[in-house]
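J.: Requesting a structural model of the entry that follows:
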Amino acid sequence: MHSASGRYVLAFNGEIYNHLDLRAKLDGSNLYAVAWCGRSDTETLLACIEAWGFQQALEAITGMFAIAVWDREQQSLLLARDRLGEKPLYYGWQGNTFLFGSELKALKVHPAFEAEVDRGALSLFLRHNFIPAPYSIYQNIYKLPAGTWLEINAGDTEAVPQPFWQLSAAAEAGAAAPFLGNDTEALEELEKVMLEAVRGQMLADVPLGALLSGGVDSSAVCALMQAHNSLPINTFTIGFDEEQYNEAEHARAVAKHLGTNHNELYLSANDALNLVPELPRIWDEPFADSSQLPTHLVMQLAKKEVTVALSGDGGDELFGGYNRHFHAPRLRRKLGWMPGPLRKCVGAMLTTVPASVLNKSLGPWANKRGMALPGEKAHKLGRKLRHVDFSSIDDIYASLMTEWPSAHAVVVDGYMPTNLLDTRGSWPQLEDSVERMMALDAMMYLPDDVLVKVDRAAMAVSLETRAPFLDHNLVEFAWQLPMHMKQRHGQGKWLLRRLLDRHVPSKLIERPKMGFGIPLDQWLRGPLRDWTENLLDEERLANEGFFHPAPIRAAWHEHCHAGVNNGYRLWSILMFQSWLEVQ
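T.: The predicted model follows:
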């Protein structure tokens with residue numbers, strides 16, 4: 001679409017939630033008269049760019065977006081990505097040709113594209129199970145970081161993204177000017193801001209529903225949606241036959257209380273096996289968050305009934321809900337004194353007993369302490385104890401975000417590029433170490449793992465997902481809240497829980513946090529074992545030339561024969577191997 005004057009031509013993926021307010025603002029201005037042709041947010045966005053300029057328009061809009069604008073007058077290309085990174089945007093030079101697009105598969109069909117794997121990006125992938133921005137799996141192709149824009153002029157061979165909004169700045173500003181009201185006032189303001197976000201994202205001319213896990217975040221979104229909707233909203237849940245991973249019963253109870261039209265689907269190992277060959281097509285660069293499997297299936301379920309689905313993504317990052325936000329300080333207090341040799345010995349002992357046995361034997365103890373899947377957590381802690389100095393929370397956090405220690409050594413010609421975890425001078429300047437972890441989660445884990453998972457899984461079935469927690473007005477308010485309103489009495493999301501109490505009885509919500517995990521370790525030893533063995537064949541790995549076979553084969557042997565849960569570590573190798581098969 002082009003602007004009224006013809007100067008700007010726009011390609012746009014996403015939604016502008018406040019576009020009607022922006023239209024009213026433009027119509028009320030004496031400086032710019034608009035002759036509207038329709039009611040689309042795309043037309044509104046173009047009018048804003050023409051009236052205010054590109055950067056001011058970006059600062060004015062609320063939404064999720066990847067934007068490309070050709071300025072005919074200046075003969076320049078302008079690219080931008082939304083504040084939190086909900087929508088993807090790739091770009092880069094291939095020879096003298098500049099390419100950009102929302103998907104790598106679109107870039108790959110261009111004759112100039114050279115599909116050379118970036119060994120540094122591959123090393124980062126093994127470290128994190130995802131490839132963090134600005135890198136992609138291909139050399140000289142980059143992800144535009146969240147909240148930035150880029151200008152390309154004729155003859156340019158490089159360009160530096162410029163921020164129009166930064167999570168780190170929002171977090172620092174919130175800490176510098178915190179919310180000064182009491183708990184009641186904070187709760188009222190949270191409900192007001194969150195309700196505005198939910199209402200804005202419920203505007204749609206197509207069927208709309210919500211993804212419901214039964215946890216705090218998705219339940220809060222569904223509760224506000226249902227409270228302001230006269231008809232039952234559609235809600236969707238995935239369950240598992242394995243009880244320790246199954247949250248479907250909790251979601252069903254919340255849905256019944258709210259009165260939603262609830263839909264659920266149970267995922268088996270055979271379902272996973274059938275879906276695995278499709279994963280490289282859905283995520284067109286290697287991606288290894290194993291919850292991608294149930295995420296894609298819940299999107300398929302939702303698409304049968306709706307075209308737009310709201311989710312609770314972002315709540316953990318804003319309100320301190322991840323287990324690591326509690327465990328990292330505790331680990332430092334309890335293990336920071338321990339000498340290195342003793343720490344390694346304890347780590348080896350923790351991984352000796354199979355995780356499944358620990359889950360059963362420690363289950364009652366763990367439930368009393370709000371902990372799910374203690375066996376998996378014990379094995380993860382055991383691996384970390386061998387490699388990490390527990391005297392620093394920052395070191396603990398970096399370790400918790402690392403699957404393969406020395407990942408670059410597993411990759412042939414691997415190396416570790418400049419990245420957020422290793423450049424601590426670029427971390428948000430926050431005094432509270434837990435707040436710092438939360439901000440780092442929102443800067444890297446959220447856009448490069450969570451939102452990649454959700455966006456690609458949904459787009460593969462032509463479903464649009466929206467995340468009210470990622471409305472930047474709500475994000476900025478959340479960062480103004482002091483930590484005692486987020487974590488209290490050993491719980492995260494304290495204030496958000498109080499908001500949910502107004503709509504859902506706490507007994508339906510209060511339970512150990514599970515996440516959206518799958519029984520990956522069991523499936524790799526069972527129904528996925530032949531598939532895994534084929535992809536991890538030693539001769540195959542050596543011939544392909546991307547990985548050194550020895551550490552991978554050792555991890556696989558430990559997983560199969562020593563009761564060690566290396567599932568998440570192996571999943572990254574398997575996802576790369578699966579991706580490589582279809583290239």
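J.: what bridges to residue 211?
T.: Residues in a beta bridge with residue 211, per DSSP bridges, are residue 236.
J.: okay but it is in contact with residue 303, surely?
T.: No - between residue 211 and residue 303 there is no contact under CB atoms under 8 Å: 11.6 Å. In short, each C-beta sits where N, CA and C put it, glycine included.
J.: Tell me where the stretch 451-583 of the chain has helices.
T.: 451-459, 472-480, 494-501, 520-525, 529-535, 538-544, 549-561, 567-581 (DSSP state H, counting those that start in this stretch).
J.: tell me the contacts of the residue nearest to the spatial centre of the chain?
T.: Centrality entry for the chain: nearest residue to the mean C-alpha point is residue 450, 1.5 Å, by CA atoms, centre = their mean. For residue 450, the contact set (CB atoms under 8 Å, 6 or more residues apart in numbering) comprises 289, 313, 314.
J.: Assign it to helix, strand or coil.
T.: When classified by DSSP: H, G, I helix; E, B strand; the rest coil, residue 450 comes out as helix.
J.: how close does it get to residue 84?
T.: Per CB to CB, to the nearest Å, residue 450 is found 10 Å from residue 84.
J.: hey, what's in contact with both of the two?
T.: residue 314.
J.: which secondary element of the protein has the worst mean pLDDT?
T.: helix 363-368 (a mean of 69; mean pLDDT, DSSP states H and E).
J.: before we move on, back to that, how about the contacts of residue 450 in a markdown table, adding pLDDT?
T.: Converted to a markdown table, the contacts of residue 450 look like this (pLDDT from 0 to 100):
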| residue | pLDDT |
| --- | --- |
| 289 | 95 |
| 313 | 97 |
| 314 | 98 |
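J.: Just give me the closest of those residues to residue 123.
T.: Checking the contacts of residue 450 against residue 123 by CB to CB gives residue 289 as the nearest, at 17.7 Å.
J.: list the contacts for that closest one?
T.: 129, 130, 449, 450, 453.
J.: who wins for neighbours among those?
T.: Using other CB atoms under 10 Å as the neighbour criterion, residue 450 leads those with 26 neighbours.
J.: Next one, pLDDT for that one please.
T.: The score at residue 450 is 98. That number is its pLDDT.
J.: Next: residue 392.
T.: 82.
J.: which residue packs closest to it, ignoring adjacent ones?
T.: residue 332 (7.2 Å; CB to CB, 6 or more residues apart in numbering).
J.: could you measure the one you found against residue 486, distance?
T.: In terms of CB to CB, residue 332 sits 19 Å off from residue 486.
J.: who's more crowded, these two?
T.: Legend: neighbour count by other CB under 10 Å for residue 332 and residue 486, higher for residue 486 (22 against 19).
J.: Name the nearest residue to the more buried one, sequence neighbours excluded.
T.: Spatial nearest neighbour of residue 486, chain neighbours left out: residue 320 (4.3 Å); criterion: CB to CB, 6+ apart.
J.: any idea which helix or strand carries residue 34?
T.: Take DSSP states H and E as the rule and residue 34 turns out to sit in neither a helix nor a strand.
J.: got the contact list for the nearest residue to residue 354 once chain neighbours are set aside?
T.: Distances taken as CB to CB, 6+ apart put residue 563 closest to residue 354, at 3.4 Å, once the chain neighbours are dropped. Neighbouring residues of residue 563 by CB under 8 Å, 6+ apart: 351, 352, 353, 354, 355, 357.
J.: hang on, the earlier thing: which strands and helices sit next to the helix or strand just after the least confident helix or strand of the chain?
T.: Using DSSP H and E, the helix or strand that follows helix 363-368 in sequence is helix 374-385. On a contact count with 3 or more CB pairs under 8 Å, 6 or more residues apart in numbering; DSSP states H and E, helix 374-385 meets helix 340-350, helix 355-361, helix 363-368, helix 393-400.
J.: And the strands in the stretch 101-250 of the chain?
T.: 141-143, 148-153, 162-163, 208-211, 234-240 (DSSP state E, counting those that start in this stretch).
J.: Let me have these in JSON lines, adding mean pLDDT, distance to residue 261 and mean neighbour count as columns.
T.: JSON lines is the format used below for those (pLDDT from 0 to 100; distance: least, CB to CB, whole Å; neighbours: other CB atoms under 10 Å):
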{"stretch": "strand 141-143", "mean pLDDT": "98", "distance to residue 261": "37", "mean neighbour count": "24"}
{"stretch": "strand 148-153", "mean pLDDT": "97", "distance to residue 261": "40", "mean neighbour count": "19"}
{"stretch": "strand 162-163", "mean pLDDT": "98", "distance to residue 261": "42", "mean neighbour count": "13"}
{"stretch": "strand 208-211", "mean pLDDT": "97", "distance to residue 261": "8", "mean neighbour count": "26"}
{"stretch": "strand 234-240", "mean pLDDT": "92", "distance to residue 261": "5", "mean neighbour count": "24"}
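J.: which stretch among those strands comes nearest residue 12?
T.: That would be strand 148-153 among the strands of the stretch 101-250 of the chain, by CB to CB, at 13.6 Å.
J.: and the closest one, how far from the chain's centre?
T.: Relative to its chain's centre, strand 148-153 lies at 25 Å (CA atoms, centre = their mean, to the nearest Å).
J.: With stretch 343-351 instead?
T.: 31 Å.
J.: Also stretch 26-41?
T.: On CA atoms, centre = their mean, the centre of stretch 26-41 falls 35 Å from the chain's centre.
J.: Flag every buried residue along that stretch.
T.: If you call a residue buried by 16 or more other CB atoms under 10 Å, then stretch 26-41 has these buried ones: 26, 34, 41.
J.: now swap in stretch 468-482 and tell me
T.: In stretch 468-482, counting by 16+ other CB under 10 Å, buried: 468-472, 474-481.
J.: circling back to that earlier point, okay, who's weakest in the contacts of residue 563 by pLDDT?
T.: For the contacts of residue 563, the pLDDT minimum is residue 355, 70.
J.: surely that one meets residue 375?
T.: Yes - using CB under 8 Å, residue 355 makes contact with residue 375 at a distance of 3.4 Å.
J.: shared neighbours of those two, anything?
T.: With CB under 8 Å, 6+ apart, residue 355 and residue 375 have common neighbours residue 565.
J.: so residue 438 sits right up against residue 315, yeah?
T.: No - using CB under 8 Å, residue 438 is not in contact with residue 315, being 11.2 Å away.
J.: elements contacting the longest helix seen in the chain?
T.: Secondary structure of the chain per DSSP state H: the longest helix is helix 183-202. When contacts are defined as 3+ CB pairs under 8 Å, 6+ apart, helix 183-202 packs onto helix 216-227, strand 308-310, helix 472-480, helix 494-501.
J.: Enumerate the positions of it that are buried.
T.: 186-187, 189-191, 193-198, 200-202.
J.: what angle do it and helix 494-501 make?
T.: Interaxial angle, helix 183-202 versus helix 494-501 (axes from the mean of the first three to the mean of the last three CA atoms, to 10 degrees): 70 degrees.
J.: what mean pLDDT would you report for helix 183-202?
T.: Mean predicted lDDT for helix 183-202 stands at 97.
J.: how many other residues sit next to the closest residue to residue 577 other than its chain neighbours?
T.: Counting by CB to CB, 6+ apart, residue 535 is the residue found nearest to residue 577 once chain neighbours are left out, at 4.0 Å. Residue 535 has 21 neighbours, counted by other CB under 10 Å.
J.: ok, residue 535 touching residue 578?
T.: Yes - counting by CB under 8 Å, residue 535 touches residue 578, with 6.8 Å between them.
J.: pLDDT below threshold where in the chain?
T.: 242, 244-245, 365-373, 386-389, 511-517 (pLDDT under 70).
J.: what domains does the record give for it?
T.: Listed domain ranges for the chain are 1-70, 167-320+433-508, 520-583 (source: automatic domain parsing).
J.: Much appreciated, bye for now.
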